[in-house]
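Participant: Got a predicted structure here, sequence first:
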Amino acid sequence: MDVDKTIVKKVTYYGEKSIYVGSYLGGPLAAIYMLSKNEKSAGDYSFAKKITKIGIVFTILLLLIIFIVPEQIMSKIPKFLIPLTYSSVAYYVSKKRQKDRWSEGSEKHKWYKVLLVSILGLAVFIVLGLIISLFLR
C-alpha cells in the first residue's frame, strides 16, 4: 500500500482584492510589499526582487512627477486617478500570478494585516515625499 507522503506547504498570502484595496489606501509601497511577499511565499524569489526593484523605481518617479509637474496641470487630473491606476496594475499582476498557485489549506492574510501594511506603506510614502520635496526646493 503506497501512501503519498508529499508535504504540502500551507502558506498565508495576500488575495487580489486585499492587494487592490491595500495599495489604493497605502500607496505603491504597500502594493510592492504585498506582491513581493506573495512571490516569496510561492518560492519565486527572483520575481519578488524584480517586483521590488520596479516598484521602488516607480515610487520614486511618481513622487518626482507629483512635485515637478506644475500645480495647474496636476489640478486637472482627478485625485483618485493615480492610486486607481497603480492599484489596478497591482490587482492585475496578483490575479495573473496567483491563479491556481496556492495549495489546499493556504489562507489569505486577515484584513487587519492588510490595513497595517497599508498604514505603514502610506507613512513611508509620505516620509519619502517629504524628503524629495526638501531636495527639490
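Facilitator: Everything's here; your move.
Participant: what's the span of stretch 71-85 from first residue to last?
Facilitator: 20 Å (CA to CA, to the nearest Å).
Participant: Check which residues of it are buried.
Facilitator: 82-83 (16 or more other CB atoms under 10 Å). Where you see a C-beta, it was placed from the backbone N, CA and C, and this is true even at glycine.
Participant: Just the mean pLDDT for that stretch, thanks.
Facilitator: Average pLDDT, stretch 71-85: 93.
Participant: Show me what it is in contact with.
Facilitator: 23-24, 27, 62, 66 (CB atoms under 8 Å, 6 or more residues apart in numbering).
Participant: can you put these in CSV and add distance to K96 and secondary structure?
Facilitator: Putting those into CSV (distance: CB to CB, whole Å; DSSP: H, G, I helix; E, B strand; the rest coil) gives the following:
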residue, distance to K96, secondary structure
S23, 15, helix
Y24, 19, helix
G27, 21, coil
L62, 22, helix
I66, 28, helix
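Participant: Highest neighbour count among the residues you listed?
Facilitator: S23 (30 neighbours; other CB atoms under 10 Å).
Participant: pLDDT at K40, what is it?
Facilitator: 92.
Participant: how near is it to I68?
Facilitator: According to CB to CB, to the nearest Å, K40 and I68 sit 34 Å apart.
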